[in-house]
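[1] need a 3D model of the following:
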Amino acid sequence: MSEKKILVDVQELRTYFPIQGGVVRKTIGHVHAVEDVSFQIREQETFGLVGESGCGKSTTGRTLLRLIQPTAGRVLFDGVDLSALSKEEMRKKRRDMQLVFQDPYASLNPRMTVRRLLEEPLVTHFTLTQGELEEKVSWIAQAVGLAPEQLERYPHQFSGGQRQRISIARALVTKPRFVVADEPVSALDVSIQAQILNLLMGLQQELKLSYLFISHDLNVVRHISDRVGVMYLGRLVESGPTEEVYLRPVHPYTQALLSAIPKRDPSQEKQRIHLEGDVPSPADPPKGCAFHDRCPRCMDICRQQVPPETEPEPGHRVRCHLVQGA
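    Okay, here's the model as predicted:
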């Protein structure tokens, strides 16, 4: 069986935000939100991105879609460099690249009915007759589990789970090829989370979608992802096939994260790895390895040099000097 084609290729992506101060609002520094991030997403694959709050996950996702301009690096979508596209070319490309937001209530216009919310992206990107418009809206509503009478209601008349279904429908109504799902279930009850995850996985098979799935919930990411990347302070410190990373984590930060997952059986003993100190500020990242001041296995070289990316197993990539010294 041949390997699937690469759809999204992220190459050494950097995203910095200026810090301004003084009377004339002069730039006095930068927040290093995303620092030298590289990964690939293949067709019909889900790449999970995990890490603590503020590590740069959401900024990475929005930079991929060029909702935020990258400071450096490239994002290739189906071989096309998105940074080289004009505004009009990028507008046309957006029908193939969509975003599902964390908070569906904030992302849906409260003055628009569900029907109008679903029609808007179609009117923006396509020239359709009224009959074609109604057909496509009915199709996506049925696909996400919305009844026909619900199309005439407003967002505030729905529960959180139903609003997220509307948000997903709005993202998928143009039949995109790639979707960034930014914490799509974190605001929902556990039982509703399962429904939305199963919906996303079912639609992926039906529509042949590729996902970048962003979450801080390690169990959710393991359930939905084919491959996973672990971010710390803007850097991708470990990535690889999901089960490989979860069962054989190499980076000390990944090991600490996974040790925090609760055991289903409370009688099983579990050794929790406690990290000392706080996450450094992305406005003043430490020299060398970004994790060195919290790492229980820190060496002198960690304080001086940024670790290069290595591949201890095929497809399993790590940025850690411990792997170098092994």
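
[2] contacts, neighbours, all on C-alpha from now
    Fine.

[3] V323: which element?
    Element membership of V323, judged by DSSP states H and E, is helix 321-325.

[4] what mean pLDDT does that helix get?
    Mean per-residue pLDDT for helix 321-325: 76.

[5] name the SS class of the nearest residue to P286 once chain neighbours are set aside, please.
    Nearest non-adjacent residue to P286, counting by Cα to Cα, 6 or more residues apart in numbering: P280, 7.2 Å away. Classification of P280 using DSSP: H, G, I helix; E, B strand; the rest coil returns coil.

[6] in this structure P280 contacts C289, no?
    No: contact between P280 and C289 fails when scored by Cα atoms under 8 Å: they sit 11.5 Å apart.

[7] can you pick out the residue with more neighbours from the two?
    A direct count of neighbours by other Cα atoms under 10 Å for P280 and C289 places C289 higher, at 23 against 14.

[8] ok but the more buried one is inside a helix, no?
    No: using three-state DSSP, the assignment for C289 is coil, not a helix.

[9] how much space between it and V114?
    C289 is 48 Å from V114, where distance means Cα to Cα, to the nearest Å.

[10] how about L133?
    From L133 to V114 the distance is 13 Å (Cα to Cα).

[11] what's the answer for E313, then?
    Taking Cα to Cα as the measure, E313 falls 47 Å from V114.

[12] ok, now V190?
    As defined by Cα to Cα, V190 lies at a distance of 25 Å from V114.

[13] what do you get for M299?
    56 Å.

[14] now stretch 175-194: average pLDDT?
    On average, stretch 175-194 scores 90.

[15] what sits up against the strand or helix carrying R170?
    Here R170, judged by DSSP H and E, is contained in helix 160-172. Helix 160-172 is contacted from outside by 98-101, 103-105, 107-108, 114, 117-118, 121, 140-141, 144-146, 155, 179, 184, 187-188, 192-193, 196, using Cα atoms under 8 Å, 6 or more residues apart in numbering.

[16] show me what the following helix or strand past that helix is packed against.
    Moving toward the C-terminus from helix 160-172, the next helix or strand (DSSP H and E) is strand 178-182. Using 3 or more Cα pairs under 8 Å, 6 or more residues apart in numbering; DSSP states H and E as the contact test, the elements touching strand 178-182 are helix 57-64, strand 97-100, strand 210-214.

[17] give the contact list for S225.
    Contacts of S225 (Cα under 8 Å, 6+ apart): E45, T46, F47, G48, F213, T242.

[18] top of these by neighbour count?
    G48 (30 neighbours).

[19] just the angle between the helix or strand where that residue lies and strand 210-214, please?
    Secondary structure from DSSP H and E places G48 in strand 46-50. Orientation check (axes from the mean of the first three to the mean of the last three Cα atoms, to 10 degrees): strand 46-50 against strand 210-214 gives 10 degrees.

[20] where exactly do the helices run in the stretch 1-150 of the chain?
    Assigned helices in the stretch 1-150 of the chain, in chain order: 57-64, 87-93, 104-107, 114-125, 130-143 (criterion: DSSP state H, counting those that start in this stretch).

[21] buried among the contacts of helix 160-172? Need that as a selection in PyMOL.
    The PyMOL selection below is limited to those of those classed as buried (16 or more other Cα atoms under 10 Å):
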select buried, resi 98+99+100+101+103+104+105+108+114+117+118+121+140+141+144+146+155+179+184+188+192+193+196
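
[22] tell me the mean pLDDT for the strand holding G48?
    Mean pLDDT, strand 46-50: 97.

[23] what's that strand packed up against?
    Strand 46-50 sits against strand 210-214, helix 218-224, strand 227-232, with contacts defined as 3+ Cα pairs under 8 Å, 6+ apart.

[24] switch those over to TSV; also include mean pLDDT.
    Listed next are those as TSV, based on pLDDT from 0 to 100:
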stretch	mean pLDDT
strand 210-214	97
helix 218-224	92
strand 227-232	97
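
[25] how about stretch 208-226 as PDB, C-alpha atoms only?
    Included here for stretch 208-226 are C-alpha records, laid out as PDB according to Å, rounded to 0.1, in the frame of the first residue of the first chain:
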ATOM      1  CA  LYS A 208     -11.800  12.700   3.000                       C
ATOM      2  CA  LEU A 209     -10.600  15.400   5.400                       C
ATOM      3  CA  SER A 210      -7.200  16.100   7.000                       C
ATOM      4  CA  TYR A 211      -7.200  17.600  10.500                       C
ATOM      5  CA  LEU A 212      -4.900  19.600  12.700                       C
ATOM      6  CA  PHE A 213      -6.500  18.800  16.000                       C
ATOM      7  CA  ILE A 214      -5.400  21.200  18.800                       C
ATOM      8  CA  SER A 215      -6.100  20.200  22.400                       C
ATOM      9  CA  HIS A 216      -4.600  20.100  25.900                       C
ATOM     10  CA  ASP A 217      -6.600  16.900  26.700                       C
ATOM     11  CA  LEU A 218      -4.200  14.000  26.100                       C
ATOM     12  CA  ASN A 219      -6.800  11.300  26.100                       C
ATOM     13  CA  VAL A 220      -8.900  13.100  23.500                       C
ATOM     14  CA  VAL A 221      -5.800  13.500  21.200                       C
ATOM     15  CA  ARG A 222      -4.900   9.900  21.600                       C
ATOM     16  CA  HIS A 223      -8.400   8.800  20.600                       C
ATOM     17  CA  ILE A 224      -8.600  10.900  17.400                       C
ATOM     18  CA  SER A 225      -5.000  11.400  16.100                       C
ATOM     19  CA  ASP A 226      -2.900   9.300  13.800                       C
END
